[in-house]
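Asks: here is a sequence together with a model predicted from it:
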Amino acid sequence: EDEKTFGGMFFEYCDELKDLSHIEALFLIIDLFKKTLHDYSTLTEEKINDLLDYFFELLPGYIKKSLMISNAES
């Protein structure tokens, strides 16, 4: 396959996500990751939450700020 064909696939997926904001998409990915950890690991709910808290701590400040604003609005 030609590398250019991946561009078309990218734009097809982008069309499906165009109604989601970046923050909504990030929350969706995090929720799916949490569900995956819960379903496929032996980690307790508390450990999963600790892992996600640590992940949020590592995010760049501008993303954390956007997440806090978005979370406060909902």
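Replies: Everything's here; your move.
Asks: who's in contact with stretch 40-57?
Replies: With C-beta atoms under 8 Å, 6 or more residues apart in numbering as the contact definition, stretch 40-57 has outside contacts at 30, 33-34, 37-38, 64, 67. Heads up, the C-betas are built off the backbone N, CA and C, glycines and all.
Asks: let's go with 10 Å and repeat that
Replies: Here stretch 40-57 makes contact (C-beta atoms under 10 Å, 6 or more residues apart in numbering) with 30-31, 33-38, 63-64, 67-68.
Asks: among these, which ones are buried?
Replies: Among the contacts of stretch 40-57, the ones that count as buried by 16 or more other C-beta atoms under 10 Å are 37, 67.
Asks: pLDDT on the helix ranked longest in the chain, on average?
Replies: Longest helix in the chain, counting residues (DSSP state H): helix 22-40. If you average the pLDDT over helix 22-40, you get 89.
Asks: quick revisit: and which of the contacts of stretch 40-57 is nearest His22?
Replies: Ile63 (8.8 Å; C-beta to C-beta).
Asks: gap between that closest one and Leu37?
Replies: Ile63 sits at a distance of 20 Å from Leu37 (criterion: C-beta to C-beta, to the nearest Å).
Asks: now do Leu58
Replies: In terms of C-beta to C-beta, Leu58 sits 16 Å off from Leu37.
Asks: and for Lys65?
Replies: From Lys65 across to Leu37, the span is 26 Å (C-beta to C-beta).
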